[in-house]
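Undergrad: Below are the sequence and a predicted model; questions follow.
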Amino acid sequence: MRGPRGRARYALGLAATAAALVVVAAVAVTIGPADIRVSDVVASVAGHLGLPAAELSPLTDSIVWQLRLPRVLTAAAVGAGLALSGAVMQSVTRNPLADPYLLGLSSGASLGAVAVLLLGLGVVLPLAAFLGALAALVASLAIARAGGAITPGRAVLAGLAIAQLAGAATSFVIFWSAKGDSYREILNWLLGSLAGSDWSTAAISASALAVVGTAILLAAPRLDAFTFGDTAAASLGIDVSATRWTLLTGVALLTGAMVAVSGAIGFVGLVLPHVVRSISGPTHRRMLPLAALAGALFLVVADTLARTVFDPRELPVGIITAVIGVPVFVALFTRRRGASWG
Amino acid sequence: MGVEIAGVSLSIGGAPILREVTAAAPTGQVTGLLGPNGAGKSSLLRLVGGIAEPDSGRILLDGVDLAGLPRRERARRIALLEQNAAPSVDLTVREVVLLGRIPHRRGLLGSFSGEGDHEAADAALHAAGALELADRRWHSLSGGQQQRVQVARALAQRPEVLLLDEPTNHLDVHAQLSLLRRVRGLGVTSIMALHDLSLAAAHCDHILLLADGCLVASGPPAEVLRPDTIGAVYRVDCDVLAHPRTGHPVIVFS
């Protein structure tokens, strides 16, 4: 499956996924209560980019450009970011169950974001989410390290505890300070929602993805070196501890930015890397770009379902990602019995 | 020249692991590292591999202090095979072996697609006797096959020094013998921690015997592996016979 033919097939798969993402994103913009066609989407985007475009009614244009397009772009960037974060977490901790959600990063980020929003602390929202994520990461690994080396199992247990604590604290902060619709707020932060998307959320998530995502792609060979563990990585000339902490901090930054705009969306970071790995193979230079594209595609679809299935009521998108993600995860798990999952 | 270990001491968490060890592993030869559990064999290999640094003393590679070498440079010269290594994901054998090329890649975006890498991987697979396994998946291999692939991964680093930590663990007799013969046939300076004294006697040019963090004896197998020395270090009663066909020392316990 490797060699020139494998490379060609991989390049084809990558191109196909990218094309699918563009098409699905355009179609996703057309879906909703107002009747919009793909040609309207093209016209609106072209018009705003200063390209020659067909005339469009101001209402249609503003639905596309102000409401639906930023939301779809935010979903794509968040999906890509979560899938990359999960892939890096799984490699660096050598734990197939690792993802931002599991190691407490998302919950910490939610707590940071909610604290800023509702308590009115004077910190920028993404920064607060990043600090929350970083605090959760440090706390998880500190607990995992207490009384011995950081093993995958200990890291997961510690992350679970931190995630629960941060989740409870988030709910409490909302309960304490919000009024009226606070339960919907709680759900949105804990299960994730893209309902609040606008151009600023698209900009935050896309720029975090561009900066951290590029750094992660550049680190792909170092991630490969971790495949056989820390000692093997060190014997391949990798500075194990510096590399691990740099990457985990990058993941905290990325997760923080994503949670700041969408709350804690689960299963994207856990499941997507496994699905992609079974197609691209585990070599990170091939796996990471495909994981980012697949994550984007997945979350655009999931968010479109979230806002349409029970129209006009909107589901938290985390419910959709769980409903799709869990069966896929179980299928992978049973198919790969006897392999590396012990 | 080879590897020189000069007055190396190490303690972990206050407990002394190695005390003033001074020894040498000659170029192109196989040096066996023997000693009871906890004698410091793995720790010494990690120091020679540059994975950890000694508290005091120096390790010289062809006269150059290891502490002064950049990580990647070191990784191009020394390869370490640890005990019971397993990948966290299911890789093909070729992917495993290509990992050994990581220290040789240049630039920010090191790439697997360089033709030199694939040639080096094939050469390493051939030398390790694992070329026919190249397209198999790691998790489908037997213990002996996995160990051969690990040797190939180490050889793909094109090392001057090969360090092996109990490479025959969990292998059947045939796999043990074929692995040790292959390592010796490579002609690469090798240091190998082993438990089986007779295997070491038959497959090593040189023996270092450790006990409680100290070097107790060193020299050719026939000089080091004597009943009184073994008896004192391992606290066993034994005899050393000559192999009826090869003449190598064979250690029997009573």
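TA: Right, received. Where do you want to start?
Undergrad: okay, now residue B:234: neighbour count?
TA: Number of residues near residue B:234 (other Cβ atoms under 10 Å in any protein chain shown) recorded here: 18. For the C-beta atoms, the positions are set from N, CA and C on the backbone; glycine is no exception.
Undergrad: Contacts only, for residue A:286.
TA: A:10, A:280 (Cβ atoms under 8 Å, 6 or more residues apart in numbering or on different chains).
Undergrad: By mean pLDDT, flag the weakest helix or strand of chain B.
TA: helix B:115-127 (a mean of 88; mean pLDDT, DSSP states H and E).
Undergrad: Alpha carbons only: can I get the next helix or strand after it in PDB?
TA: Counting by DSSP states H and E, the next helix or strand C-terminal to helix B:115-127 is helix B:143-156. C-alpha atoms of helix B:143-156 as PDB (Å, rounded to 0.1, in the frame of the first residue of the first chain):
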ATOM      1  CA  GLY B 143       8.600 -12.200  18.500                       C
ATOM      2  CA  GLY B 144      11.700 -13.200  16.600                       C
ATOM      3  CA  GLN B 145      10.500 -11.400  13.500                       C
ATOM      4  CA  GLN B 146       9.800  -8.300  15.500                       C
ATOM      5  CA  GLN B 147      13.200  -8.300  17.000                       C
ATOM      6  CA  ARG B 148      14.800  -8.700  13.500                       C
ATOM      7  CA  VAL B 149      12.800  -5.700  12.400                       C
ATOM      8  CA  GLN B 150      14.000  -3.700  15.400                       C
ATOM      9  CA  VAL B 151      17.500  -4.500  14.400                       C
ATOM     10  CA  ALA B 152      16.700  -3.300  10.900                       C
ATOM     11  CA  ARG B 153      15.300  -0.100  12.300                       C
ATOM     12  CA  ALA B 154      18.500   0.400  14.300                       C
ATOM     13  CA  LEU B 155      20.700  -0.300  11.200                       C
ATOM     14  CA  ALA B 156      18.700   2.100   9.200                       C
END
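Undergrad: Near chain B, which residues of the stretch 51-200 of chain A? Just list them.
TA: Residues of the stretch 51-200 of chain A lying close to chain B by Cβ under 8 Å from any Cβ of the partner chain are A:90, A:91, A:94, A:95, A:96.
Undergrad: so what's the nearest residue to the third one once chain neighbours are set aside up against?
TA: I take that to be residue A:94. Using Cβ to Cβ, 6 or more residues apart in numbering or on different chains and skipping residues adjacent in sequence, the residue nearest residue A:94 is residue B:88, 4.0 Å away. For residue B:88, the contact set (Cβ under 8 Å, 6+ apart) comprises A:90, A:91, A:94, A:95, A:96, A:226, A:227, A:228, A:229, A:340.
Undergrad: got the residues you listed as TSV, with pLDDT and neighbour count columns?
TA: Shown next, in TSV, are the contacts of residue B:88 (pLDDT from 0 to 100; neighbours: other Cβ atoms under 10 Å in any protein chain shown):
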residue	pLDDT	neighbour count
A:90	90	26
A:91	90	28
A:94	83	21
A:95	81	19
A:96	82	22
A:226	91	25
A:227	90	24
A:228	91	24
A:229	88	17
A:340	46	16
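Undergrad: Just the residues you listed: which are in helices?
TA: A:90, A:91 (DSSP state H).
Undergrad: following the host helix or strand of residue A:190, which helix or strand comes up?
TA: Taking DSSP H and E as the definition, one finds residue A:190 inside helix A:182-191. Note on helix A:182-191: by DSSP H and E, the next helix or strand toward the C-terminus is helix A:199-218.
Undergrad: Quick check: buried residues in that following helix?
TA: Buried residues in helix A:199-218, counted by 16 or more other Cβ atoms under 10 Å in any protein chain shown: A:201, A:202, A:204, A:205, A:206, A:208, A:209, A:212, A:213, A:216, A:217.
Undergrad: and if you look at stretch A:240-256?
TA: A:240, A:243-244, A:247-256.
Undergrad: In the stretch 1-150 of chain B, what residue spans correspond to strands?
TA: For the stretch 1-150 of chain B, the strands defined by DSSP state E, counting those that start in this stretch occupy B:3-12, B:15-25, B:30-34, B:56-61, B:64-65, B:78-81.
Undergrad: of all those, which lies closest to residue A:282?
TA: Of all the strands of the stretch 1-150 of chain B, it is strand B:78-81 that lies closest to residue A:282, at 20.6 Å by Cβ to Cβ.
Undergrad: And the residue of the stretch 51-200 of chain B that's closest to chain A?
TA: residue B:75 (3.1 Å; Cβ to the nearest Cβ).
Undergrad: Show the pLDDT at that residue.
TA: What the model reports as pLDDT for residue B:75 is 93.
Undergrad: hang on, isn't it packed against residue B:157?
TA: Yes: using Cβ atoms under 8 Å, residue B:75 is in contact with residue B:157, at 6.4 Å.
Undergrad: Overlap in contacts, these two.
TA: With Cβ under 8 Å, 6+ apart as the test, residue B:75 and residue B:157 both reach A:236, B:103.
Undergrad: ok, residue A:232 to chain B distance?
TA: 6 Å (Cβ to the nearest Cβ, to the nearest Å).
Undergrad: what sits against that residue?
TA: Counted by Cβ under 8 Å, 6+ apart, residue A:232 has contacts A:225, A:226, B:80, B:82, B:85, B:99.
Undergrad: I'd guessed the first one sits against residue B:102; true?
TA: Yes: proximity of residue A:225 to residue B:102 meets the contact threshold set by Cβ under 8 Å, at 5.2 Å.
Undergrad: Need the residues touching each of these two.
TA: A:236, A:238.
Undergrad: And these two? Which one has more around it.
TA: Taking other Cβ under 10 Å, residue A:225 and residue B:102 do not tie; residue A:225 has more neighbours (25 against 22).
Undergrad: What residues does chain B have near chain A?
TA: Proximity of chain B to chain A, by Cβ under 8 Å from any Cβ, involves residues B:46, B:49-51, B:71-76, B:78-80, B:82, B:85-92, B:94-96, B:99-100, B:102-103, B:105, B:108-113, B:135, B:139, B:157.
Undergrad: Please report phi then psi for the most centrally placed residue in chain B.
TA: Nearest to the geometric centre of chain B sits residue B:164, at 1.9 Å (Cα atoms, centre = their mean). With angles defined as degrees, to the nearest 10, residue B:164 sits at phi -130, psi 120.
Undergrad: Equivalent analysis for residue B:235, please.
TA: According to degrees, to the nearest 10, residue B:235 has phi 50, psi 50.
Undergrad: Leaving out chain neighbours, which residue sits closest to residue A:264?
TA: Nearest one to residue A:264, counting by Cβ to Cβ, 6+ apart, is residue A:106 at 3.6 Å.
Undergrad: ditto for residue A:318
TA: residue A:191 (3.4 Å).
Undergrad: where are the low-confidence patches of chain A?
TA: Chain A contains residues with pLDDT under 70 at A:1-5, A:102, A:121-123, A:147-152, A:178-182, A:336-342.
Undergrad: quick check, residue A:126 in a strand?
TA: No: using DSSP: H, G, I helix; E, B strand; the rest coil, the assignment for residue A:126 is helix, not a strand.
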